[in-house]
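# mind looking at a prediction? Sequence and model below.
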Amino acid sequence: MQERYDFKSIEPKWQKKWEELKLYEVDDFSEKPKYYCLEMFPYPSGKLHMGHVRNYSIGDVVARYKRMRGYDVLHPMGWDAFGLPAENAAIKHGNIHPADWTWDNIANMRRQLKELGISYDWRREVATCHPEYYRWTQWLFLQFYKKGLAYKKKAPVNWCPGCQTVLANEQVVDGECERCHSRVEKKELEQWFFKITAYAERLLQDIKKLHGWPEKVKIMQENWIGRSEGAEITFKIKGHEEAISVFTTRPDTIFGVTYMVLAPEHPLVEKISRGTSQEQAVLEFKRKMMYLSEIERTAETAEKEGVFTGAFAINPFTGEEIPILIANYVLVEYGTGAVMGVPAHDQRDFLFAKKYNLPIKVVIVPPGEELKAEKLTEAYTGEGILVNSGEFTGLANKEAIRIITREAEKRGFGKYRVNYRLRDWLISRQRYWGAPIPVVYCEKCGIVPVPEDQLPVVLPYNVEFRPTGESPLKYVPEFLNTTCPECGGPATRETDTMDTFICSSWYYYRYTSPRDTEQPWSKEKVERWLPVDQYIGGVEHAILHLLYSRFFTKVLYDLGLVHVDEPFTNLLTQGMVLKDGAKMSKSRGNVVSPEEIVEKYGADTARLFILFAAPPERDLEWSDQGVEGSFRFLNRVWRLIYQTKDRISDELREFSAKDKELNRLLNATIKKVTEDIEERFNFNTAISAIMELVNGLYQYKEGEINPGLLKEALNKLVILLAPFAPHIAEELWEALGNKQSVHLEKWPVYDEKALITEEVEIVIQVNGKVKDRVMVPRNAEEATLKEIALNTPKIKELTADKKIIKVIVVPEKLINIVVAG
RNA sequence: GCGGGUGUGGCGGAACUGGCAGACGCGCUGGACUUAGGAUCCAGUGGGUAACCGUGGGGGUUCAAGUCCCUCCACCCGCACCA
């Protein structure tokens, strides 16, 4: 053993050995229980950043720990390898192909991961851009298509001018593209969708099953799905055949409707205003709204604005004629794109009615109170009793919701309806670097899916990248022109590619069967491994990736392809890595590169620091001094073993008091570290417990030692350290004379008896304040304890002239003497 | 506005079901070893001379509150004219 801790030679040495020993290659089938530990696979941007290091260090502790607890651990890694940056790099630099760029990046990041010593089963590596992977992405698309879950429609979609492609709703954040932050525009385009709305209810209901998910993520998904219950009610339009349906959660307020509002894009707007004096005004308003972006139109500060259409609707309950308006605050995408205006009981309607002098009619009052329309300063949205509501007057409004809906249904102009905020998932992208959508267009046969035996539809290599707003594949005749699989006639291929979130919605199944050429995965293997026991990644995927993956799993479940209907049992969302209080970013110039840290201190130090500096879910403030501290600690462990290894042996002498204390500390540490990993993922406190053990051992090694005990303590220390700092643990394990890898060791079990000491210190309080402390025998009687406490010199003095009201005894903890005067 | 989270020394952070606030680490101070120390080892380190005071502020429950209840404040994240 060298005197110096030389991570530069230790780390590569063990990485090589682990690979030779196939230490992390896991059997698909064995007698052991299984554990699937998964970290979100990265986009191969080129280099690892600290967020990655954190993510994979956390996962590696879990994987290594579970292995030592006797599990077969599936711990794989791969690449979410399709996507825009590759194509943008090609456009920017001109001479590099997205595929080459991506594969180079993968090679580099794989090397970095290996240098970190993460215990992956590299045989299972997948890359979504590999034809043998996206072949199955396309195959899955076809299964969705067959089930009627993939369809094409013309719709107003989100267009990102920066990325020159459409985006899913989930990818639009504050009206901006989540990737490049361009302002998203609305475009009317024919696009492919996945019918995620068909699963809205199940996606919502099954959130209840996700006991191992953070509350926060569950709430975010719930909000995103946005279920609301209400009624759809149809209003006739005076002088027209057509009718307009509105969705409302408050059918109980139907008698208070004084106007109706349509979204400017509502399909009937032009028709009903045609020929009225309002025709010009309406067209102008529409034009103005089109010109404004989504954000400008719907910003909180935006005034409610509207214009009369010249047409009137008829309230089906009252027969009243009410004006139809169009307004900026009504969204065509939500509900039916039309709302009934009830200014007395909806704050938005109230503001709008006040502005345009529309009538206000009170139909609900708080029990025992009165409301005057003229005196309202805001809408009354609370519960109450119906007034001015014909036959329904006098009902409690909650009840009225049901009764009125039922009545509308009976009379044929309404029905109960559940409405969701969730929209169908727009999956086509007008870009090259993605999985081609496997359909062809035939003049005779229309849309024809590519037969499964012709998959994959391979991306052509020679393509010119021009950000034109159209897929570059359009200009590749060899790709574009094909024959119809049905009639054999001339046909053209779909040139759009799939949203990369599709590729990442099923990769965790592929890991079970990464090289299967017959099927996307072996059902048997999926049954062994799934669900994922622990999933770890950033909270930024709370909606996108995690919702899509749940959706995929439910579809696959319905198709009989998998046996689980939720993919991830436990989810850990790790916090961000910050520097100077802000997220690391190039523009801020506060980036710390993992490469530098590993170079300077080694992978073990980098990992240890990241795990020690904060609990996993919390944000982590980077500290160069903290890294120094972790490095120092590893050196301290090194020296401890260097200095003591020649004094240990199998000779276990009878325990002295000092030995007992060390033994107690050792077992307490095992207990603490085990519980911290197992129950809470509190790696920071697990590591601090190991530090305390090391401190204790430094004390212990001075003077008389028990060679057998010291040997045991050092060995167990190294095992406890192994999940956190696997290389140095391995080297020290060897130095202690062990032959087999430390990572094959069983996790130590603590001895409950060793934790029990003969004497315990108890605190003596007077009126709840600590005044003294004494050592007492562990099992002392309450009366004895009282006796001792009241008679220590200090307490005697303090209570001499006071009246003792009562004495509270908490065994093995404290005694509180309550006094008066 | 709604929903969620956080608030503890100079700093990162500990504190299980209410029971010694500040574990562990960083930083700082002192000492030892040393040609030297920015290495290492040892000791000290919330504030205050003290009684005491201290977990964002105020109130409450309790023998006892960082922990429970009420109320207010600050910051962070998500959603946001969703009918």
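Thanks, I have the structure now.

# so where's chain A uncertain?
For chain A, the stretches with pLDDT under 70 are A:291-302, A:821.

# so it: which segments form each domain?
Listed by the TED database, the domain ranges of chain A are A:32-128+A:504-574, A:138-195+A:424-500, A:227-420, A:594-755, A:759-820.

# out of those, which is closest to residue A:212?
Nearest of the domains of chain A to residue A:212, taken as CB to CB: domain A:32-128+A:504-574 at 3.3 Å. C-betas here are computed from N, CA, C, even on glycine.

# got a list of what the residue most central in space within chain A touches?
For chain A, the residue sitting closest to the mean C-alpha position, by CA atoms, centre = their mean, is residue A:542 at 3.1 Å. Residues in contact with residue A:542 (CB atoms under 8 Å, 6 or more residues apart in numbering) are A:216, A:217, A:220, A:221, A:573.

# repeat that for residue A:251.
With CB under 8 Å, 6+ apart, residue A:251 has these contacts: A:230, A:231, A:233, A:400, A:401, A:404, A:405, A:408, A:414.

# number of nearby residues for the third one?
Neighbourhood size, residue A:233 [other CB atoms under 10 Å]: 26.

# so where does it fall, helix or strand?
Take DSSP states H and E as the rule and residue A:233 turns out to sit in strand A:228-237.

# and the fourth one, by the same measure?
Residue A:400 is part of helix A:397-410, with elements assigned from DSSP H and E.

# buried ones from the contacts of residue A:542, can you make that a PyMOL selection?
In PyMOL, this line selects whichever of the contacts of residue A:542 come out buried by 16 or more other CB atoms under 10 Å:
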select buried, chain A and resi 217+220+221+573
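
# widest-spaced pair of the contacts of residue A:542?
Farthest apart among those by CB to CB are A:221 and A:573. That separation is 12.4 Å.

# how about the residues of the stretch 151-300 of chain A by RNA strand B?
Residues of the stretch 151-300 of chain A lying close to RNA strand B by CB under 7 Å from any atom of the strand are A:173-174, A:215-216, A:219-220, A:223-224, A:226, A:228, A:230, A:246-250, A:263, A:297-300.

# buried subset of those?
Looks like these have A:220, A:224, A:230, A:246, A:247, A:248, A:250, A:263, A:297 buried, using 16+ other CB under 10 Å.

# and those as TSV, adding secondary structure?
TSV is the format used below for those (DSSP: H, G, I helix; E, B strand; the rest coil):
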residue	secondary structure
A:220	helix
A:224	helix
A:230	strand
A:246	strand
A:247	strand
A:248	strand
A:250	coil
A:263	coil
A:297	helix
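
# for those residues, which one is nearest residue A:744?
For those, the nearest to residue A:744 is residue A:220 (40.7 Å; CB to CB).

# for that closest one, give its distance to residue A:546.
Per CB to CB, to the nearest Å, residue A:220 is found 9 Å from residue A:546.

# likewise for residue A:350?
Look at residue A:350 and residue A:546: by CB to CB, they are 38 Å apart.

# so for the two, which sits in the more crowded spot?
Just comparing residue A:350 and residue A:546: by other CB under 10 Å the higher neighbour count belongs to residue A:546, 25 against 22.

# from what I see, that one and residue A:218 are in contact.
No: in this structure residue A:546 lies outside contact range of residue A:218 using CB atoms under 8 Å: 10.0 Å.
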